[in-house]
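*Asks:* Return atomic coordinates for the entry below.
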Amino acid sequence: MTVQAAPRILVVEGVNPYRLLAPFLGIAAESAATWEDGYLERSPMVAALVAATRGELRRIAWSGVPTDAAGLRTAVATLQAELAATQAQGRPVWLLSHSLGSVIAYLALAEGEARAPVEVFISLASPLARPPIMRWLAQFHPGLPLAALADTLHAPERLGVSRWLNVFTPWDPFGGPIVVAGVENLSLTPTPSLPLPTPADWIAAHTLPFRTTAWADLALTGASARNPAQ
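*Replies:* Numbering: from 1, shown residues only. This is a model prediction of the structure:
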């Protein structure tokens, strides 16, 4: 299925999970290094959405280091500039983010004055759902309101977003359901390797939302997701 208007698709990555995943999967360091930039951009999920929408893909590059205060702040500003430029062109935006990238995306939307019409904001494995993680991050980023985000998040319409789809998996320590009015939460169910989840399962759960295309049709059709948090 395709959507009518070709959007500009802005991709914001988080902390690169392949740096953690490689030892568990036995991937050689040099092989894992090829994923250190663009892991979300090159994922099956993004490829499926780009093909279906015929959108123009752009990645907001940054270091991916969670304590990089300057890099994270610059990424927010870069995304705001992309949104303003797209607004000037009258083009719609799809905003795809993973992990800490969803925090960058949220800040750019919440703080920006000029916003493109964001048709869809997709957050994958987002720590916005984990207040303790947001408070931990806040100590490294005193110039950003991360501690406040642990307590209060704006609804999609306050962000200039027509639709916010949050995709997560059970037992992901870094992501979960975002309990905010108007946010659609979609829970994916991975298969554990043992009766109880292992560290490898935790990492697999954190990456599953972009490794699978099973939910891509939901994003494209606009059907309401089941919200297990409500």
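
*Asks:* Can I get stretch 92-102 in PDB? Just the C-alpha atoms.
*Replies:* Provided in PDB are the C-alpha atoms of stretch 92-102 (Å, rounded to 0.1, in the frame of the first residue of the first chain):
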ATOM      1  CA  PRO A  92       4.800  16.700   4.800                       C
ATOM      2  CA  VAL A  93       7.200  14.900   7.200                       C
ATOM      3  CA  TRP A  94       7.500  11.400   8.600                       C
ATOM      4  CA  LEU A  95       9.700  11.400  11.600                       C
ATOM      5  CA  LEU A  96      11.300   8.000  12.500                       C
ATOM      6  CA  SER A  97      13.300   7.600  15.600                       C
ATOM      7  CA  HIS A  98      14.800   4.800  17.700                       C
ATOM      8  CA  SER A  99      15.800   4.800  21.400                       C
ATOM      9  CA  LEU A 100      17.600   8.100  22.400                       C
ATOM     10  CA  GLY A 101      16.800   9.400  18.900                       C
ATOM     11  CA  SER A 102      13.200   9.600  20.000                       C
END
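
*Asks:* Which secondary structure state does the residue nearest the centre of the chain sit in?
*Replies:* Nearest to the geometric centre of the chain sits Ser97, at 2.2 Å (CA atoms, centre = their mean). Classification of Ser97 using DSSP: H, G, I helix; E, B strand; the rest coil returns strand.

*Asks:* Which single helix of the protein contains the most residues?
*Replies:* Longest among the helix segments of the chain by residue count, using DSSP state H, is helix 69-89.

*Asks:* which other residues reach that one?
*Replies:* With contacts defined as CB atoms under 8 Å, 6 or more residues apart in numbering, helix 69-89 is touched by 8, 10, 12, 58, 60-63, 65, 93, 100, 104-105, 107-109, 111-112, 114-118, 140-144. (Each C-beta comes from the backbone N, C-alpha and C, glycine too.)

*Asks:* Mind checking which of the residues you listed are in helices?
*Replies:* Within the contacts of helix 69-89, residues falling in helices by DSSP H are 100, 104-105, 107-109, 111.

*Asks:* Including pLDDT, neighbour count and distance to Ala150, could those residues go into JSON lines?
*Replies:* Below are the ones in helices among the contacts of helix 69-89 laid out as JSON lines (pLDDT from 0 to 100; neighbours: other CB atoms under 10 Å; distance: CB to CB, whole Å):
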{"residue": "Leu100", "pLDDT": "95", "neighbour count": "26", "distance to Ala150": "14"}
{"residue": "Ile104", "pLDDT": "96", "neighbour count": "25", "distance to Ala150": "16"}
{"residue": "Ala105", "pLDDT": "96", "neighbour count": "30", "distance to Ala150": "17"}
{"residue": "Leu107", "pLDDT": "95", "neighbour count": "22", "distance to Ala150": "13"}
{"residue": "Ala108", "pLDDT": "94", "neighbour count": "25", "distance to Ala150": "18"}
{"residue": "Leu109", "pLDDT": "94", "neighbour count": "24", "distance to Ala150": "17"}
{"residue": "Glu111", "pLDDT": "85", "neighbour count": "12", "distance to Ala150": "17"}
